[in-house]
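> whatever this is, show me its structure:
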Amino acid sequence: MYQELETTIHKILSFESVSVDRRSVLQPLIDFIALKLEKNSPINLNFICTHNSRRSHLSQIWTQVAAYYYKIENIHCYSGGTEETELFPKIAETLKNQGFNIVQIACTKNPIYAIKYDENEFPIIGFSKKYDHIFNPTSLFCAIMTCSQADGGCPFIPGAEKRIPITFEDPKIADGTPFQDEMYTERSLQIANEMFYVFSQLKK
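Just a heads-up that it's a prediction; the model follows:
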């Protein structure tokens, strides 16, 4: 794992900031993964937000890294939206500042990024897509709803074994303000902290 990314991770490994209420929100995801591990089954997690531009990507990426960090195998993380837009550039910039190696591999209206967390691991491919895009699993997956709009607007996700709401405040609220960098950094670290908490509980 890249040294700068390890430094970022060490800052979020204290889980005191994960409140009792948030732990109860995260528990169904812990239970889902634990049950799959008991059965030695592949674990497919699809993080869903309205535009698949911010929170769902942060959740997908940090969850994949958490699984790698805690050496939990057979975890495959995806993301999607109720509509296709683009991976918001500030997300790529924020993750790069936190230690990821990010390369834009397709420069289109909906750019595609290779997001690496370790020199020898296959990159996470980041681009905006609908949750049922061919890139994502069509069955035997857990749908994690990362925003209240997608949670309310999609009461049923075809093919999902389980649907779990784990919503985060949209960093978009700070776009165009002097607090944008701070807000995106804060949201990324919050999601990292909570996803690492999830996997820390699986090691006990």
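> for the closest residue in space to residue 96 that isn't next to it in sequence, phi and psi?
Sequence neighbours aside, residue 102 is the residue nearest to residue 96 in space, at 4.9 Å (criterion: Cβ to Cβ, 6 or more residues apart in numbering). All C-beta spots, glycine's among them, are computed from the backbone N, C-alpha and C. Here is the backbone geometry of residue 102 (degrees, to the nearest 10): phi -120, psi 130.
> can I assume residue 102 is in contact with residue 89?
No - with contacts counted by Cβ atoms under 8 Å, residue 102 stays clear of residue 89, the gap being 10.5 Å.
> which one of the two has more residues nearby?
residue 102 (18 against 12; other Cβ atoms under 10 Å).
> what sits against that one?
92, 95-96, 113-116 (Cβ atoms under 8 Å, 6 or more residues apart in numbering).
> could you redo the last one with a cut-off of 6 Å?
Contact partners of residue 102, counting by Cβ atoms under 6 Å, 6 or more residues apart in numbering, are 92, 96, 113, 115.
> now do the buried residues in the one helix or strand the last one maps to.
Element membership for residue 115 (DSSP states H and E) is strand 112-116. In terms of neighbour count (16 or more other Cβ atoms under 10 Å), strand 112-116 has its buried residues at 112-113, 115-116.
> shared neighbours of residue 102 and residue 89, which are they?
Between them, residue 102 and residue 89 share no contacting residue, judged by Cβ under 6 Å, 6+ apart.
> residue ranges with poor pLDDT in this protein?
Residue ranges of the chain with pLDDT under 70: 150-155, 203-204.
> which parts of the chain are strands?
With strands called from DSSP state E, the chain shows them at 43-49, 75-81, 101-106, 112-116, 124-126, 141-145, 160-165.
> and those strands as a markdown table, adding distance to residue 197?
Output for the strands of the chain, formatted as a markdown table (distance: least, Cβ to Cβ, whole Å):
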| stretch | distance to residue 197 |
| --- | --- |
| strand 43-49 | 15 |
| strand 75-81 | 15 |
| strand 101-106 | 25 |
| strand 112-116 | 22 |
| strand 124-126 | 20 |
| strand 141-145 | 14 |
| strand 160-165 | 15 |
